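[1] Sequence and predicted structure are below.
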Amino acid sequence: MIKRSMVIGLLSAGVVAVPGMALASAQVNSTPIIPVSTQATVSTTAAQADQAALAAVGGGTVTSTSTDTYQGASVYDIHVLFNSVVYDVKVLQSNDSVVLKKVSSESSTQATVSTTAAQADQAALAAVGGGTVTSTSTDTYQGASVYDIHVLFNSVVYDVKVLQSNDSVVLKKVSSESSTQATVSTTAAQADQAALAAVGGGTVTSTSTDTYQGASVYDIHVLFNSVVYDVKVLQSNDSVVLKKVSSESSTPAATTQSAAQADQAALAAVGGGTVTSTSTDTYQGASVYDIHVLFNSVVYDVKVLQSNDSVVLKKVSSESSTPAATTQSAPAESQPPEGSSSSSQTTSGSTTQSAPAESQPPEGSSSSSQTTSGSTTQSAPAESQPPEGSSSSSQTTSGSSNPVVSTSGITYGVKLTAVPSIFQSFVAQALTQNHGTLKWVKFTAKTGGETQANIKISLSQGGTVKVIDLISTTGQLISQTVNS
């Protein structure tokens, strides 16, 4: 198994940028959070964390255990080999909670093929619920060998990926090649009723036709409890394929919940702890309370609707303490095997290790890094960016013909498909918040020394959005705007 070293980007003021860190929502409050103690007691041993990881995966063998940080919390980073697939599992050091489990990007692609294409087809049909297999091919997904199967069901094409090592379905989604000419068997009135049922009540304010992930849909706006929801219903049947708070949701909705009530809702959502700050904000067009909760030495960012006490977002805060003290030892990370892709480059006297972005290995693509003006940039792991089977590499796409390279090796003024390590956490946050993949990122140096990151994102439901982060010289997020 190839073992790569994870990268931790250090900013000039010593601030740690952790890949995969959760992102603050639509408008970030620049008021600093109450400092969190970094001396969290480590109550979980490496052996206990290994057992928690094995339980989460369902069996297998632990191949490596090391310490790391994830979304501001101290964790054990554990690799588990199970059914010829390597899983990356992160377990909190403060307790044995599993906060991440995914197929590792280092997972061996040479796993023994024990599932036939015919068996994979049956697994795909079962996952979709019926239909007809239109194509079956081999591919790789998150480092594992898979069958890539297209299933036509109710005039919609589904893309299903099944492991070759067993018949587990690791991905099911509406294909971008889905036919948009499906027969319309659902009326607008029926779609309205389906949308109201999905939201839980309210009033339909508009209904129009649209396409979503290649399928013909009704795009319906529902007003419920002073919040506007965007609901998409298939025209071929009355299935709801998307429900979200609309970006056009009315913001001055009547506030019926007090801050104290919202605090209680936030504490219940986290499971306990202490409220460290409460402020008002907007999230996806709705007025919310933005509440920070300290629980088990981790700071959570919780957003509660002002119109009622519904929690619409809960995540580990980007301001959460990162280097919590570790009193338990863990096995040292083994050196990467000879021939592995882990490497280090020295820029301005410091060593930076190239590593895959934590959460988004591209389907079927291979990534590589290269050095530009003395710095190492990592290829952007945008799943939807390169076609499946293509090779992704660190490069600029378009932009200024006279790019500027800073002393820290950051290229300004051009569109990049690779994210410098010290900004990976901000980009990862934007991708997580907007449920999309990276199209490109462009950095601009501001007169006050701040850096503006313009992040172009391809949305999973179709279309694009641009997130603009303003980052201070000390590596703090000053503000964020989202332009659809």
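    Received it, and whenever you're ready, just let me know what you need. Note that the coordinates shown come from a computational prediction; the quantities given were computed from them, not determined experimentally. Numbers count the residues shown, from 1 in each chain.
[2] And for stretch 451-460, what's in contact with it?
    With Cβ atoms under 8 Å, 6 or more residues apart in numbering as the contact definition, stretch 451-460 has outside contacts at 382, 384-385, 410, 415, 423, 426-427, 430-431, 434-446, 464-471. Bear in mind the C-beta positions are built from the backbone N, C-alpha and C, glycine included.
[3] Mind giving me the ChimeraX select for those residues, buried ones only?
    In ChimeraX, this line selects whichever of these come out buried by 16 or more other Cβ atoms under 10 Å:
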select :382,384,385,410,415,423,426,427,430,431,434,436,437,438,439,440,441,442,443,465,466,467,469,470,471
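[4] Restricted to helices, list the contacts of stretch 451-460.
    Phe426, Val427, Ala430, Leu431, Asn434 (DSSP state H).
[5] and these as a markdown table, adding pLDDT and distance to Leu196?
    Below are the ones in helices among the contacts of stretch 451-460 laid out as a markdown table (pLDDT from 0 to 100; distance: Cβ to Cβ, whole Å):
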| residue | pLDDT | distance to Leu196 |
| --- | --- | --- |
| Phe426 | 87 | 38 |
| Val427 | 90 | 37 |
| Ala430 | 86 | 32 |
| Leu431 | 89 | 32 |
| Asn434 | 84 | 26 |
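[6] and which of those is nearest to Leu171?
    Closest approach between those and Leu171, by Cβ to Cβ: Leu431, at 17.2 Å.
[7] distance of the closest one from Thr473?
    24 Å (Cβ to Cβ, to the nearest Å).
[8] Please apply the same query to Gln480.
    Distance from Gln480 to Thr473, by Cβ to Cβ: 17 Å.
[9] neighbour-wise, which of the two wins?
    Neighbours per residue (other Cβ atoms under 10 Å) separate Gln480 from Thr473, with Gln480 holding more: 22 against 14.
[10] How about the contacts made by the spatially closest residue to Asp281 that is not a sequence neighbour?
    Counting by Cβ to Cβ, 6 or more residues apart in numbering, Asp281 lies nearest to Asp290, which is 4.1 Å off, once chain neighbours are set aside. Applying Cβ under 8 Å, 6+ apart, we find Asp290 in contact with Ser25, Asn29, Thr278, Ser279, Thr280, Asp281, Tyr283, Asp301, Val302, Lys303.
[11] Please identify which helix or strand holds Asp290.
    strand 286-295 (DSSP states H and E).
[12] in its sheet, what does that strand sit against?
    Sheet partners assigned to strand 286-295 using DSSP bridges are listed as strand 274-283 (antiparallel), strand 298-305 (antiparallel).
[13] how far away is Tyr70 from Lys315?
    For Tyr70 relative to Lys315 (Cβ to Cβ), the value is 12 Å.
[14] and what of Asp68?
    From Asp68 over to Lys315 the distance is 18 Å, taken as Cβ to Cβ.
[15] what's the answer for Val302, then?
    Taking Cβ to Cβ, one finds Val302 at 8 Å from Lys315.
[16] I'd like the average pLDDT over stretch 211-222.
    For stretch 211-222, mean pLDDT is 86.
[17] Ala69 pairs with what?
    Let me fix one detail, which is that residue 69 is Thr and not Ala. With DSSP bridges as the rule, Thr69 is bridged to Ser74.
[18] burial measure for it, as a count.
    Neighbours of Thr69 under the rule other Cβ under 10 Å: 23.
[19] Surely it and Asp77 touch.
    No: the pair Thr69 / Asp77 is not scored as a contact, 9.3 Å apart, by Cβ atoms under 8 Å.
[20] Lys309: neighbour count?
    Just so we're on the same page, residue 309 is Asp rather than Lys. Counted with other Cβ under 10 Å, the neighbours of Asp309 add up to 19.
[21] quick one, phi psi at it?
    phi -100, psi 30 (degrees, to the nearest 10).
[22] Skipping its backbone neighbours, what lies nearest it in space?
    Distances taken as Cβ to Cβ, 6+ apart put Ala265 closest to Asp309, at 4.2 Å, once the chain neighbours are dropped.
[23] For Tyr70 and Lys315, indicate the residue with more neighbours.
    Using other Cβ under 10 Å as the criterion, Tyr70 and Lys315 rank with Tyr70 on top: 22 against 19.
[24] Which stretches in the protein count as helices?
    46-57, 117-128, 188-199, 259-270, 424-434.
[25] Contacts for the second one next, please.
    Think helix 117-128. With Cβ under 8 Å, 6+ apart, helix 117-128 has contacts from 115, 131, 133, 136, 147, 149, 151, 153, 158, 160, 162, 164, 167-169, 172.
[26] For that helix, give the mean pLDDT please.
    92.
[27] What are the buried residues along it?
    Ala120, Asp121, Ala123, Ala124, Leu125, Ala127, Val128.
[28] Write the ChimeraX selection for whichever of the contacts of helix 117-128 are buried.
    Listed next is the ChimeraX selection for buried residues among the contacts of helix 117-128, using 16+ other Cβ under 10 Å:
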select :115,131,133,136,147,149,151,158,160,162,164,167,168,169
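[29] tell me which of the ones in helices among the contacts of stretch 451-460 is nearest to Val62?
    Distances from Val62 to those, taken by Cβ to Cβ, are shortest for Leu431, at 29.2 Å.
[30] just checking, that closest one touches Ser425?
    No: using Cβ under 8 Å, Leu431 makes no contact with Ser425, being 10.8 Å away.
[31] Just list the residues touching the residue nearest to Asp309, thanks.
    Gln257, Val302, Val304, Asp309, Ser310, Val311.
[32] how about 7 Å then?
    Going by Cβ atoms under 7 Å, 6 or more residues apart in numbering, Ala265 touches Val304, Asp309, Val311.
[33] okay, now the last one: neighbour count?
    Going back to what we said before, that points to Val311. Applying other Cβ under 10 Å, I find that Val311 has 18 neighbouring residues.
[34] Check the nearest residue in space to it that is not next to it in sequence and give its pLDDT.
    Take Val311 and drop its neighbours on the chain: the residue closest to it by Cβ to Cβ, 6+ apart is Ala269, 4.5 Å away. The model reports Ala269 with a pLDDT of 89.
[35] Lys314 now?
    87.
[36] measure it to Asp96 for me?
    From Lys314 across to Asp96, the span is 20 Å (Cβ to Cβ).
[37] The two: which is more packed in?
    Neighbour count, other Cβ under 10 Å: between Lys314 and Asp96, Asp96 has more, with 19 against 16.
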